[in-house]
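Visitor: Provide a 3D model corresponding to the input given below.
(6 chains)
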Protein chains: 6
Amino acid sequence: MLYDSIGATDSEWAGKPYAEIREVADSDGSVLVVPVGSIEQHGHHLPVATDTILVDAVVHGGTEQAGADVPVLVTPTVWTGFSPHHLSFGGTLSLELDHLRAVLEDVALTGIQNGFDAVCFVNGHGGNAALVDAVVSTVGTETDAEVLGTTYFTLATDEVGALRDSEDGGMAHGGEYETSLMLHLRPDLVADAAKREGTLWDEHYEWSGGDLLDGGPVSVYRSFDEYSESGAIGAPELASAEKGARIYDAVTSELAALLVAIHEHNA
Amino acid sequence: MLYDSIGATDSEWAGKPYAEIREVADSDGSVLVVPVGSIEQHGHHLPVATDTILVDAVVHGGTEQAGADVPVLVTPTVWTGFSPHHLSFGGTLSLELDHLRAVLEDVALTGIQNGFDAVCFVNGHGGNAALVDAVVSTVGTETDAEVLGTTYFTLATDEVGALRDSEDGGMAHGGEYETSLMLHLRPDLVADAAKREGTLWDEHYEWSGGDLLDGGPVSVYRSFDEYSESGAIGAPELASAEKGARIYDAVTSELAALLVAIHEHNA
Amino acid sequence: MLYDSIGATDSEWAGKPYAEIREVADSDGSVLVVPVGSIEQHGHHLPVATDTILVDAVVHGGTEQAGADVPVLVTPTVWTGFSPHHLSFGGTLSLELDHLRAVLEDVALTGIQNGFDAVCFVNGHGGNAALVDAVVSTVGTETDAEVLGTTYFTLATDEVGALRDSEDGGMAHGGEYETSLMLHLRPDLVADAAKREGTLWDEHYEWSGGDLLDGGPVSVYRSFDEYSESGAIGAPELASAEKGARIYDAVTSELAALLVAIHEHNA
Amino acid sequence: MLYDSIGATDSEWAGKPYAEIREVADSDGSVLVVPVGSIEQHGHHLPVATDTILVDAVVHGGTEQAGADVPVLVTPTVWTGFSPHHLSFGGTLSLELDHLRAVLEDVALTGIQNGFDAVCFVNGHGGNAALVDAVVSTVGTETDAEVLGTTYFTLATDEVGALRDSEDGGMAHGGEYETSLMLHLRPDLVADAAKREGTLWDEHYEWSGGDLLDGGPVSVYRSFDEYSESGAIGAPELASAEKGARIYDAVTSELAALLVAIHEHNA
Amino acid sequence: MLYDSIGATDSEWAGKPYAEIREVADSDGSVLVVPVGSIEQHGHHLPVATDTILVDAVVHGGTEQAGADVPVLVTPTVWTGFSPHHLSFGGTLSLELDHLRAVLEDVALTGIQNGFDAVCFVNGHGGNAALVDAVVSTVGTETDAEVLGTTYFTLATDEVGALRDSEDGGMAHGGEYETSLMLHLRPDLVADAAKREGTLWDEHYEWSGGDLLDGGPVSVYRSFDEYSESGAIGAPELASAEKGARIYDAVTSELAALLVAIHEHNA
Amino acid sequence: MLYDSIGATDSEWAGKPYAEIREVADSDGSVLVVPVGSIEQHGHHLPVATDTILVDAVVHGGTEQAGADVPVLVTPTVWTGFSPHHLSFGGTLSLELDHLRAVLEDVALTGIQNGFDAVCFVNGHGGNAALVDAVVSTVGTETDAEVLGTTYFTLATDEVGALRDSEDGGMAHGGEYETSLMLHLRPDLVADAAKREGTLWDEHYEWSGGDLLDGGPVSVYRSFDEYSESGAIGAPELASAEKGARIYDAVTSELAALLVAIHEHNA
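Guide: Got it, this is the predicted structure:
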């Protein structure tokens, strides 16, 4: 439900009249951030909007920490991700890859028109990650603004790694990482402990990681129903709100530093 | 900002784990609602997300009034509309027509897969209206579910017409209608009275209305900067929160009745 | 069969050498009209080209009435419409929605290149109506010419409504309206009275009309074989050539007035 | 203008109610013919619809000669051709190549659905010829019906060659061939002799013919304004109605023989 | 395997650093050649890359014979052809038609950017031939360079015809023509005589040839498994290396003459 | 030049008749490898086909080492990469992103049809990397075969890192890594030492690496002419054939191990 939350922070594009948007865009070293999430099954203990909620929170946290001196605006989070590998469970709304590409290009290009010096996609869904990287190039060829892209859980991996209690594979889809963040940010949407179950997926190729912190050099397509009964993969039972708070701090700090660097590079 | 608002009402797809979504979808006469908004300039007194905020509010109001006996879920509002005619003002994020078509088709078709008996697009942006009607057909040819579409301000036009103080043309883009609804729902996002100015556009073709309540039989493409200095068209100065409350009641009641009828027809 | 009919009236693009076309296009306030029809089943009593024949006749009637002072040319009628909901009966040739969009855009844009000040699509098939409205916008963003679109049976609805003998629903697909027009214009192609049968479709949603004169605010996709045995919907048995003549006069008069208005607005 | 010519011959799809179309389609060895023309400049002496008029006439002539024993229907002529090389003159309405492909595929595939055993495109415009050949393959992969395509002026080239008075290059765009056919079929649309002028284009590569009767093994793209002042290429001054009648007989006889052969091969 | 063969001749684009490519492109009358092959079944006696090997050889032979005075570069051979009619045998890698179109356009247009005065596609696969002709037009509309296209076995057909031992139909897919060329150029890849078998396909329409040397005016789509057990069509048993050498000489001589003519026409 | 190199090794798809391809594909645990390269500027000292040559060599080396027990075939290397960031230098042939996606999908899907149990893309060009990852998913959703993808220089990064003499950034585009490999594999195509110059690019974001061995978590689009005068980035002057041999051994060993693992996992 959007109608009572839009406009809660000062960096939101959506809550402003157009003239204020142009003012930020005209500032020296202005940055446009486009968060990209998804709506897809996250096991029995997390809502389908988990990736959208988390990337939205991380982006607004990072923007806030970047500080008022950095002229930055955040578009509404693109919630229409690429998730064919989750469809069989239900609860998943997925675009075709090409259609997500078109959405990201159109949003970025019509946004940049306002005068931004840089645009940075911040993604929160593994299924979108390669496409976001690819779109950095297609948008880059169409604009003079600097174009960047990242997936938030590839940031601050050393700090987050130090916090983990699970072994490799425990911080996968709906596992210790995401469940901790949700317990910190939206505990009301996390099912009670009995439902926090995931498959620890340990038979993957050694070149192709089963963990958010370590993707490995080889991509493999997997329909999640071949690997998990609940839909979650990892160790959600090891999650805690306190760990979530620390992960949140680590990631938003690094994102803030990135935004400051982008601003300064383009000022 | 989405992270603290998702899951506020029981009819939201986004806040649920997947199994609960399938449960609603499996119910007899289940209905999926896809709200479609936009992010586009709305003059100096309204935020660019006005259409998204309003359609989101109307849909959740209508769904609530339809009552617990109607198994209905609402996807997150599609905020990426078709608004080329607003781009010159700034503040506008717009998809190409074809890309919006693809988004609506993908969201509806992957949503219906869960078992819904009907899907209804509810649109809140004039620029999307024809496309939403067209997509009803393309989705309709791909599914056995019943497919419908409407634009909320074409509902309850008699009741709303009786409430108006403006002459024809006053309830146009950012005019008496939308400003009243925003004063009722999100007064914090409406600029003070001095900024509520619109052009009363009275030189249009008689066949092509300049008012939300009366479109007329002829479509004309117009870039809004040819007609309005502020970007708004109509009479926002005649808006009031009280009128907004009555408009809201009229439209949500009719939408609720429509949802009940769809449910019953497909049960 | 085209080879002996092209060039019968002076407003036809097709029958002229190119230099004469450029001459009209260069005139002040010149208007290009693109009629859009379809080839799709129309019950047992009407030919599949009914919509193409009727929109072609209406457009040439309207153009003629607009008079020699209005510089206007009419492209050949686009007969490739969007009719997936009729395919199951047979006799239907249908484009995918996107392909019809492309055809209309290409025809309009290469036509406008000659120097026209305005282009107006005139549609004759319900299945095309939303798309024609949408294409008004996509063409509008690509040209400085004014772009308009209409569906002929939404014109002069008061006059036509006064002529009807059927109740609501009787002037639907192949019903009293279209059969009357065909009896006036091409009686040789109308089957005799015994075959003029349609289903009076009275169980539709109240928001979604079953009549050409009243579409209602809600679109619903319907495959026609769910509603009609013959393929026709409405009351063809109430049709008459005399009524057809009056409908023709009403609609062509209003179309002529629209063409004059477009000409004057752009002169 | 279509409204008074559709339905003039018994092999026209357009003039029939759907049940009669299915009846032909269900016959043993039934053939669907899709004529493909264009609207493009043809010099100062011929109308822009020349290719459409001629292919339409040839197809109906061929169909008639094939005789009543051959169950064949002809769709309306596709008049939206591919003519970018003529656009600079004016008078030309052209689709993008891909869009013409889509139209031909959709028309053929929805037509074949009625039960035809074969479909044959008959093209009348040089600019379409390669695409029509290519579409034979794309349609062929999508259907069990036999799919064929030809361009009418590649038929009976020996007989037509024997009739010519011009040297090589004289039977090019708007030259002796097409002007003769038009003088035979639609003399009212041919400008008087003073305007029948074309450039005899003799500097082309020897591998790339400048004549309808001899294309040569090499394709070259040429914008016609580089080669001709009037837009016509060839020797229209050598055209005559009598020659046109003989060409017409030769081509329609061969087309009839082809249709008979297709019918027999698929019966 | 490419890594040890790229750069073997001086006309290869692939083996040069970019500055040398620009130098050739900047020369007066420079020509870019784009060979187009395929990977598709060629019976039991020839490798699936036959068309790619042959067009590559012919193009380099022709280029060499054109001589050092003709500034020409050859891109790597496009091996991704259009071969749906061969898929059922296996061994075939095929693009959709539209995708091959896109590849040819992109390669030609990014190549021409370097400053070439002309580009010539040389095709070696029947299934690509119509598309290559069509792409000549789409590329032609996008560039000022001259654009040409040919299929090598349509060159020097008189000389080759004089060499043949087979009757009409014997020089078809994997028949006397291609097998001879392979015996001349890559005898190590031709299976021994016992495996050189093809179906002599003599029941085709008289308008639609079954021989590389005579296509006829009518295209027909045929899945090759309807006509041939081995996948080859024609008379491979009549092939010889000596005949292959003569065919190679005839075709490369004519191609060289064409390249010289293109160079001179654009110098 | 392809005509004398195809068929040099036993794992090449291209050099075999179709029946032998099916035989491999039918084997238990069969693997199809699709190498993906590019043609794009590589400074003054390397040929534009460097990425194509290297990935081709690596793939054949890896396949050979995997051994005869692993049923594997390698398609011809796709040389049409995505390189818009190199176009300004010249020498670059580039597809649009979407077109490369289509090529990879079509090649993989028509290849898999033969019966392979797995397909693995092996990429050699940084500009393709994200797309190859994305295509793993789109192909994965269309087939039951296992689908994988990797970029060869992300393999064996520890071993290669131990061999380097350059600091971070020295193993970038045309730098120490690629130049060493080329000196090992094709020294004849490497310009002499005087031309081996690259820019050491040390001002990039710390999150966005400038080295093949360390990409970093943030993607940035860069047109190479903003960073390098020669077109190369890194330290080619530190390259040596001996280092190239060791890099080749490290990478091909790891690729062989990956192929064995894929084979065993799917056997």
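Visitor: going forward, measure contacts and count neighbours with C-alpha atoms only.
Guide: Will do.
Visitor: So what pairs up with residue A:36 in the strands?
Guide: In this structure, residue A:36 bridges to residue A:78, residue A:123 when assessed by DSSP bridges.
Visitor: what residue ranges in the stretch 1-150 of chain A score low on pLDDT?
Guide: For the stretch 1-150 of chain A, the stretches with pLDDT under 70 are A:1.
Visitor: Quick check: closest non-adjacent residue to the residue of it found nearest chain D.
Guide: The stretch 1-150 of chain A approaches chain D most closely through residue A:98 (18.4 Å), counting by C-alpha to the nearest C-alpha. Nearest non-adjacent residue to residue A:98, counting by C-alpha to C-alpha, 6 or more residues apart in numbering or on different chains: residue F:98, 7.8 Å away.
Visitor: what's the answer for residue A:97, then?
Guide: Here the residue nearest residue A:97, using C-alpha to C-alpha, 6+ apart, is residue A:82, at 6.1 Å.
Visitor: Run through the residues that contact that neighbour.
Guide: A:38, A:94, A:95, A:96, A:97, A:100, A:127, A:128 (C-alpha atoms under 8 Å, 6 or more residues apart in numbering or on different chains).
Visitor: Same check on residue A:229?
Guide: By C-alpha under 8 Å, 6+ apart, the residues touching residue A:229 are residue A:199.
Visitor: Need the pLDDT of it.
Guide: Per-residue confidence (pLDDT) for residue A:229: 91.
Visitor: Give the phi and psi angles for residue A:146, as a check.
Guide: phi -70, psi 140 (degrees, to the nearest 10).
Visitor: Next, count neighbours for it.
Guide: 21 (other C-alpha atoms under 10 Å in any protein chain shown).
Visitor: OK, contacts around residue A:106?
Guide: B:93, B:94, B:95, B:96.
Visitor: Residue A:148 too?
Guide: With C-alpha under 8 Å, 6+ apart, residue A:148 has these contacts: A:118, A:119, A:120, A:121, A:136, F:218, F:219, F:220, F:221.
Visitor: Greatest separation within those residues: which pair is it?
Guide: A:118 and F:218 (13.8 Å; C-alpha to C-alpha).
Visitor: which of the two has more neighbours?
Guide: residue A:118 (26 against 22).
Visitor: Who are the contact partners of the more buried one?
Guide: Residue A:118 touches A:29, A:30, A:31, A:32, A:112, A:145, A:146, A:147, A:148, A:262, A:263, A:266, counting by C-alpha under 8 Å, 6+ apart.
Visitor: interface residues of the stretch 101-250 of chain A facing chain F?
Guide: Within the stretch 101-250 of chain A, the positions adjacent to chain F are A:130-131, A:133-134, A:136-138, A:140-141, A:146-151, A:154-155, A:205, A:207, A:217-222 by C-alpha under 8 Å from any C-alpha of the partner chain.
Visitor: Out of those, which sit inside strands?
Guide: The strands, defined by DSSP state E, take in A:146, A:147, A:148, A:149, A:150, A:151, A:218, A:219, A:220 from those.
Visitor: so how many other residues sit close to residue A:153?
Guide: By other C-alpha under 10 Å, 23 other residues sit near residue A:153.
Visitor: wait, I meant residue A:267
Guide: Residue A:267: 14 neighbours (other C-alpha under 10 Å).
Visitor: what pLDDT does it get?
Guide: 94.
Visitor: Tell me the one among the contacts of residue A:118 nearest to residue C:16.
Guide: The closest of the contacts of residue A:118 to residue C:16 turns out to be residue A:112 (C-alpha to C-alpha; 46.6 Å).
Visitor: from what I can see the closest one touches residue A:145, true?
Guide: Yes. Counting by C-alpha atoms under 8 Å, residue A:112 does reach residue A:145; the two are 7.4 Å apart.
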